[in-house]
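> Provided below are the primary sequence and the corresponding predicted coordinates.
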Amino acid sequence: MTLPEWQTRGAYHEVHGISVFALDEGPREAPVVVVLHGYPSCSYDYYRVLPYWTKDYRVVVHDHPGFGLSGKPADYSYSLVEQAEIALGLWAQLGIREAHLLAHDYGTSVATEIIARRQRGYEPVRLLGATLGNGSMLIELSQLRWIQQLLLHRRLGPLVAKFSSKALFDLNMRRLWGDQDKVEQQDLDLLWEMLIRDQGRQRLPQLTQYIRERRRFWHRWVGSLYRTDLPVNLIWAEEDPVAVVKMAHELHRNIPDSRLKLLPGIGHYPMLEAPEVYAGAVLEMLREPG
């Protein structure tokens, strides 16, 4: 797939003054699934699994500001709180009144902010349930990559971003797969093209500050998960070297009535590495609510 081909599948929406690229596919009258993608990629992560889901569901997946084809302004906080505002604003624009929330990696922390608001009585889109996977919500257990730690540094981050390269990106991404033979180079090429688009490389240090927020707002976000009455599913690829499987077991143990499904032999990006397995796991959770 080429970038123009991917662009034609979606549309741009102005949300709180920022251009947001989103795909909205599947039957209009079908149940809705809203999707929050991970870091440092974008909605393209889901291109292989969308055909499995859009037969029976309306699926909406967008690029967070700073990612993919969405706007990447310099004068913006890129807080996870802001990303939640954008998601809720977009869904409202699209007329979504209720939905199941699906999130991966970085998107899981955006999801926990939305769940925390729900717990406090603010729920502009009624959540029917949440399916979370391979996100370092339990930041104390995360095995951060060295590139993330450098980008997080206030002074070194901008220099690291400036001199980051396609070869380094490819190397770090490949290490996230459980089976590197399943990495498609064209996927890495397109993800890199969208990452650096519109000065995206310069935004990486700002975007990476979400790691600090995970620590600062642990009690708001993880605490809300541990107290929620929302049906929560956990789908976790076991060979993830960053969001290690220990997190899944800890979350499952503490989230009331949660369900856990492990995906053995698969790494951090199950939707790209094993799309049929991942898509099937999600459908299983959607069709058999807890």
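It's in.
> please report the distance of the spatially most central residue of the chain from Leu23.
Taking Cα atoms, centre = their mean, the centroid of the chain lies closest to His37, which sits 2.3 Å from it. His37 sits 11 Å away from Leu23 when distances are taken as Cβ to Cβ, to the nearest Å. Where you see a C-beta, it was placed from the backbone N, CA and C, and this is true even at glycine.
> who touches both of these two?
43, 61 (Cβ atoms under 8 Å, 6 or more residues apart in numbering).
> for the host helix or strand of Ser224, which helices and strands make contact with it?
Taking DSSP states H and E as the definition, Ser224 sits inside helix 218-227. With contacts taken as 3 or more Cβ pairs under 8 Å, 6 or more residues apart in numbering; DSSP states H and E, helix 218-227 sits against helix 106-119, helix 245-254.
> to Arg48, which of the ones you listed lies closest?
helix 106-119 (17.1 Å; Cβ to Cβ).
> what's the distance between the residue nearest to the centre of the chain and Tyr78?
Distance, His37 to Tyr78, by Cβ to Cβ: 15 Å.
> quick revisit: please work out which of the helices and strands packed on helix 218-227 is packed deepest.
Scoring those by mean neighbour count under mean count of other Cβ atoms under 10 Å gives helix 106-119 as the most buried, with a mean of 25.
> find out how far the helix or strand that it is followed by is from the centre of the chain, if you would.
Downstream of helix 106-119, the first helix or strand assigned by DSSP H and E is strand 126-133. Its chain's C-alpha centre and that of strand 126-133 lie 13 Å apart, by Cα atoms, centre = their mean, to the nearest Å.
> name every strand pairing with strand 126-133 and say which way it goes.
Next to strand 126-133 in the sheet, as set by DSSP bridges, lie strand 98-104 (parallel), strand 232-237 (parallel).
> dump the C-alpha coordinates for the helix or strand hosting Val60 into PDB.
Element membership of Val60 [criterion: DSSP H and E] is strand 58-62. Taking C-alpha atoms only, strand 58-62 is exported to PDB below (Å, rounded to 0.1, in the frame of the first residue of the first chain):
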ATOM      1  CA  ARG A  58     -18.300   0.200  12.300                       C
ATOM      2  CA  VAL A  59     -14.700   0.900  13.200                       C
ATOM      3  CA  VAL A  60     -13.200   4.300  13.800                       C
ATOM      4  CA  VAL A  61      -9.500   4.700  14.100                       C
ATOM      5  CA  HIS A  62      -7.600   8.000  14.000                       C
END
